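Enquirer: the following block contains a protein sequence and its predicted model.
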Amino acid sequence: MRFIGYHIRKVNKEQPKAVPSPVGWNPCLVKTLGQVAHLICNGNWSPGIFKHQYRKQANFMSADFVALDFDSGEVTIDEARSIWEGCSHIIGTTSSHTPAKHKFRVILTLEKRIKKSEDYKATVSSISKRYGADVSVADSARFFFPCREIVSISSGDLQEIIEPEIERQKFPVREPNTLVIPSKILRSLTYEVVPVGERNNWCYGVGADLSLAGYSFDDIMARVLASPTYQDGSPPVREIARAIKNGMNKTMEGRGGTEEKSTN
C-alpha cells in the first residue's frame, strides 16, 4: 500500500495560491500512478504523511513518493522525460509553466517507504542537485499546489533512498592539564535543541565552561554554531558571540586574567 498526503479542504478557485492550513492533511491510499496524478491535479498535496494530520517536519511519519520542483526554466520537460525514462514517475506542469519557460514537478515512486525526515531530505536534496531541481523544497513537510496538467506518467524502476552522510564533528584538541568538559555541556552541544528565549543564557554558560576547559573563543563559536540549536539561525551570530564573550569574561575575572581576543 502507498499513500500521499492530501489536504481535505478544496482549493479556493478565487485564491488558488492561498497557503493551506497545516492541519487537515489526510493520508490518501493510492493503488496506481493514475490515482496519484488525479490527486495532485485537484488539490494541495504533499508526499509526506503526518502525525495527527498536522503538517510539520516534527510530525513526519513516512513517504512513499518524493517530489522534485523544476522552477528555473533551465531544464525542459523533454529532458526530464529522458532522465526518468524507464522509471516510475509522474511529470506535471505548474500554474506558471509556459512553452518558453518550462516549470514542472516530477514525482518518483520510492523502492521502499521512507520513515525518517532526514532520509527524505537527503534523497530529495541529492536528486535535485544532480538534475538541477530546486533544493529548497527538500524538507519533509513541503506541500505543493495543484499541477495544471500531467505531461508524462510511466511505471518502471523505483527510486532508491539516499541516506544522509554522517559528518563527524571535529572537536578542538584539549590541551593537557585542563579541566574536563562537563558532560551536560557536551550533550547539549551534540544532541539537544535549546528553546528560543533560553539560548543567550545557554551561550553564556557554554562560553564560561569551555573557556575554563581551555578552549578559545573561535573554538567555542565553532561548537555552538555546529550544534543542533543553531541550525535555524536564531539568534543572530553577533548575539551568540556577545553571550559567549560575556561568559568567557566571567571565567577570566575569576582567574584574574583577561579575555583572549578572537580572530576575525
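Expert: Arrived safely, thanks for sending.
Enquirer: alpha carbons only for contacts and neighbour counts from here, please
Expert: OK.
Enquirer: show me where the chain has its strands.
Expert: 2-7, 25-30, 45-46, 48-50, 60-70, 89-93, 104-114, 149-154 (DSSP state E).
Enquirer: which of these has the highest mean neighbour count?
Expert: Highest mean neighbour count among the strands of the chain (mean count of other Cα atoms under 10 Å): strand 48-50, with a mean of 28.
Enquirer: adjacent strands (with direction) for it?
Expert: strand 60-70 (antiparallel) (DSSP bridges).
Enquirer: just the CA atoms of the partner strand, as CSV, please.
Expert: Output in CSV follows, covering the C-alpha atoms of strand 60-70 (Å, rounded to 0.1, in the frame of the first residue of the first chain):
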residue,chain,number,x,y,z
PHE,A,60,6.6,13.5,9.6
MET,A,61,5.8,9.8,9.7
SER,A,62,6.5,8.4,6.2
ALA,A,63,6.6,8.9,2.5
ASP,A,64,6.1,6.5,-0.4
PHE,A,65,7.0,9.2,-3.0
VAL,A,66,9.4,12.1,-3.4
ALA,A,67,8.7,15.3,-5.3
LEU,A,68,11.1,17.4,-7.3
ASP,A,69,10.4,21.0,-8.3
PHE,A,70,11.8,22.4,-11.6
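Enquirer: contact partners of it?
Expert: 2-4, 47-51, 102-110, 112-117, 120, 124, 128, 132-134, 137-138, 140-141 (Cα atoms under 8 Å, 6 or more residues apart in numbering).
Enquirer: now it: mean pLDDT?
Expert: What strand 60-70 shows for mean pLDDT is 98.
Enquirer: next, the angle strand 2-7 makes with that strand.
Expert: Taking axes from the mean of the first three to the mean of the last three Cα atoms, to 10 degrees, one finds strand 60-70 and strand 2-7 inclined to each other by 80 degrees.
Enquirer: how about the helices in this structure?
Expert: Taking DSSP state H to define them, one finds helices in the chain at 33-42, 77-83, 117-131, 183-190, 199-212, 217-225, 237-255.
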